[in-house]
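# Fold the following for me, if possible:
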Amino acid sequence: MCNLKRLTAVLTAAALSLAMSVTAFSADADTGFADVAADAWYADAVIYCCDNGLMRGTGDTIFSPDSNMTRAMLATVLYRLSGSPSLENENLGYPFVDVPGDSWYADGVYWARMTGVVDGYGDNRFGPSDPVTREQLATLLWRCAGSSDAASGNIFADESDISSWAASAVDWAQANGFVNGVGDNRFLPAGTATRAQVAAILMRYTQSQEESAPEPEGGRDVLVAYFSATGNTENIAEHLETALNADLYEIVPEVPYTDEDLNYSNSDCRSNQEQNDSAARPAISGGVENMGDYEVIFLGYPIWWGDAPKIISSFLESYDFAGKTIVPFCTSGSSSIGESAEALRALASDAVWLDGQRFSGNDTLETVEQWLDSLGLR
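Model (predicted):
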């Protein structure tokens, strides 16, 4: 069964010859790819699959939406979608003759074979470079989802062209809204699936599973609490929310900070006065109503003159953190997290504090995920 955790591993499609021929393209500011316009019907799906680690471009700024999806690519994508389970203890003594053990797609192909998601050809070949047909795509996704009983869907005009082994899968995919016809109510089962089509189907499938997944009893147990004066820390906090499926809480000052309040060159500005006053505790607007539900709190803030803003002290003194785990993170132009986290520990000494991390405000989701993996918290 495919598992829908957001994934740290991503599909590497660098083997495509098209990517090797790309030299310089200007990426679309909204999608990040030169060949994916922001208003393309598949743009949202491409962004979704890339952000969630299911697919990547075939080059730095190229996605190749109209290129065929190959069997190697699809096996790897579904392997990632399943959570990239370890293969260390599996018997891999049956490699296909055309799947080198050190190829980028080997793990995906072996996993798909072991789980029954995909079979090879009769002569022990897999055909990694062969294009995936639309009925094959529906079938592999159906098997990955557990081969559940198919609900009755509308009859395609070319229903008789669908192979008998794919009929249930196509009915399931259509009934659940994962695949659509291509005009005149035709399915075109033997037509090749493009990378754009696969991205769209993956997005529909994963979003449907996320919507139907039951909420754990008692709510989620990870909270990302942050203060962000200029938006940099907010960016990292949102990455953490995505990577951990956590709740997000913004520490909002009761009296907002103005540009002049943050003018560090003015020794009398509000932020400097607060940082120089060990007793300063700026008031917070609102609060966390269910702090008792959370076991882990990621606490984020910008670095102000080497320390956390005093409003973080206000936050820590507002709740009982006994037995909880606090993971600090900060944003700055160059300053490290330094002693800022150490200074905060005394304000919640009954909590378990993990080492903190400094980010730049524009660090990516992938960078944040790598940090989380190093902590063993995912």
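# which residues in the stretch 151-300 of the chain form helices?
Along the stretch 151-300 of the chain, counting by DSSP state H, counting those that start in this stretch, helices occupy 167-175, 195-212, 232-244, 270-275.
# what is the mean pLDDT for the one helix or strand residue 370 maps to?
Take DSSP states H and E as the rule and residue 370 turns out to sit in helix 365-375. For helix 365-375, mean pLDDT rounds to 89.
# domain parsing for this protein?
Taking automatic domain parsing as the reference, the chain has its domains at 17-132+192-212, 222-375.
# among those domains, which is nearest residue 162?
Among the domains of the chain, the nearest to residue 162 by Cβ to Cβ is domain 17-132+192-212 (14.3 Å). Yep, even glycine has a C-beta here, placed from its N, CA and C like the rest.
# What average pLDDT does the closest one get?
Here the average pLDDT along domain 17-132+192-212 is 83.
# And the helices of the stretch 151-300 of the chain: which comes nearest residue 351?
That would be, of the helices of the stretch 151-300 of the chain and by Cβ to Cβ, helix 232-244, which comes in at 17.8 Å.
# who's in contact with that closest one?
6, 51, 222, 224, 226-228, 246-248, 250, 298, 300-302, 329-331, 359-365, 368-369, 372, 377-378 (Cβ atoms under 8 Å, 6 or more residues apart in numbering).
# Which among these count as buried?
For the contacts of helix 232-244, a burial check counting by 16 or more other Cβ atoms under 10 Å picks out 6, 51, 222, 224, 226-228, 246-248, 250, 298, 300-302, 329-331, 359, 361, 363, 365, 368-369, 372.
# before we move on, back to that, adding distance to residue 183, write the domains of the chain out as TSV.
Shown next, in TSV, are the domains of the chain (distance: least, Cβ to Cβ, whole Å):
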stretch	distance to residue 183
domain 17-132+192-212	13
domain 222-375	36
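# helix, strand or coil for residue 136?
helix (DSSP: H, G, I helix; E, B strand; the rest coil).
# Quick check: it vs residue 81, distance?
Per Cβ to Cβ, to the nearest Å, residue 136 is found 16 Å from residue 81.
# looking at the helices of the stretch 151-300 of the chain, which is closest to residue 144?
Comparing the helices of the stretch 151-300 of the chain by Cβ to Cβ, helix 195-212 comes nearest, at 8.9 Å.
# Report the buried residues of stretch 42-49.
So for stretch 42-49, counting by 16+ other Cβ under 10 Å, buried means 42, 43, 45, 46, 47, 48, 49.
# how far away is the last one from residue 143?
If I follow you right, that is residue 49. Taking Cβ to Cβ, one finds residue 49 at 20 Å from residue 143.
# those strands in the protein, which residues are they?
222-226, 247-250, 252-253, 284-285, 296-302, 325-331, 352-353, 357-359 (DSSP state E).
# So which of the ones you listed is nearest residue 106?
strand 357-359 (33.0 Å).
# and the closest one, what other elements does it pack with?
Here strand 357-359 touches strand 325-331, helix 365-375, going by 3 or more Cβ pairs under 8 Å, 6 or more residues apart in numbering; DSSP states H and E.
# Touching, residue 375 and residue 327? I think so.
Yes. In this structure, residue 375 is within contact of residue 327 by Cβ atoms under 8 Å, at 7.1 Å.
# Between the two, which contacts overlap?
Taking Cβ under 8 Å, 6+ apart as the criterion, residue 375 and residue 327 both touch residue 354.
# one step back: columns mean pLDDT and distance to residue 96 on top of the strands of the chain, output as a markdown table?
As requested, the strands of the chain are exported to a markdown table (pLDDT from 0 to 100; distance: least, Cβ to Cβ, whole Å):
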| stretch | mean pLDDT | distance to residue 96 |
| --- | --- | --- |
| strand 222-226 | 96 | 41 |
| strand 247-250 | 95 | 45 |
| strand 252-253 | 96 | 57 |
| strand 284-285 | 95 | 60 |
| strand 296-302 | 95 | 43 |
| strand 325-331 | 93 | 43 |
| strand 352-353 | 90 | 48 |
| strand 357-359 | 90 | 42 |
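# With distance to residue 266 as added columns, please give those strands in CSV.
Formatted as CSV, these follow (distance: least, Cβ to Cβ, whole Å):
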stretch, distance to residue 266
strand 222-226, 25
strand 247-250, 26
strand 252-253, 18
strand 284-285, 24
strand 296-302, 18
strand 325-331, 22
strand 352-353, 33
strand 357-359, 25
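# And those strands: which comes nearest residue 176?
Nearest to residue 176, of the strands of the chain and by Cβ to Cβ, is strand 247-250 at 28.9 Å.
# any residues touching the closest one, and which ones?
By Cβ under 8 Å, 6+ apart, strand 247-250 touches 219-220, 222-228, 234, 237-238, 241, 288, 294.
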